[in-house]
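Enquirer: The following comprises the amino acid sequence and a computationally predicted model.
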Amino acid sequence: LTWLHVFPYSPRPGTPSARLPQVHGSHIRSRAARLRAAGGARVEHYLRAQVGTAHRVLMESPFVGRTGQFAQVDFPQAQTRGRIVATRITGVAGHRLIGCPLSDADGDGAVMA
């Protein structure tokens, strides 16, 4: 698992779990914090492992796209929104990858979907 969405459990009236013995709130918050930290470490590890690899990146805006694994990629030069761009990952900044378009027959790094 790479991308975690962690939120604390809260009982809902009328549900079977609401009738079970409840976990103390401080334990719930502690568990959620540990899961978020573990998830953050996995994301960092995953992103660092992508440096030097090639991906097909769907451009969501001129300077930002996403890999097929949902990693966000920033580009130093504008790309065409909606295109899939063959990209070499050159670095990591925060929780984002840095990408550079690869050359193709058209010379613009774009790959038709």
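Expert: Noted; the coordinates are in hand. Note that the structure is a prediction, hence the values are computed from the model and not measured.

Enquirer: measure the most centrally placed residue in the chain to residue 58 for me?
Expert: Residue closest to the average C-alpha location in the chain (CA atoms, centre = their mean): residue 71, at 3.7 Å. With the distance defined as CB to CB, to the nearest Å, residue 71 ends up 11 Å from residue 58. C-beta: built from backbone N, CA, C; applies to glycine.

Enquirer: tell me, how many neighbours does residue 97 end up with?
Expert: 27 (other CB atoms under 10 Å).

Enquirer: Where do the helices of this structure begin and end?
Expert: 25-50 (DSSP state H).

Enquirer: Name the residue most distant from the centre of it?
Expert: The C-alpha centroid of the chain is most remote from residue 19, which lies 36.2 Å away (CA atoms, centre = their mean).

Enquirer: can you tell me which residues contact the residue nearest to the centre of the chain?
Expert: 46-47, 50, 55, 96-97 (CB atoms under 8 Å, 6 or more residues apart in numbering).
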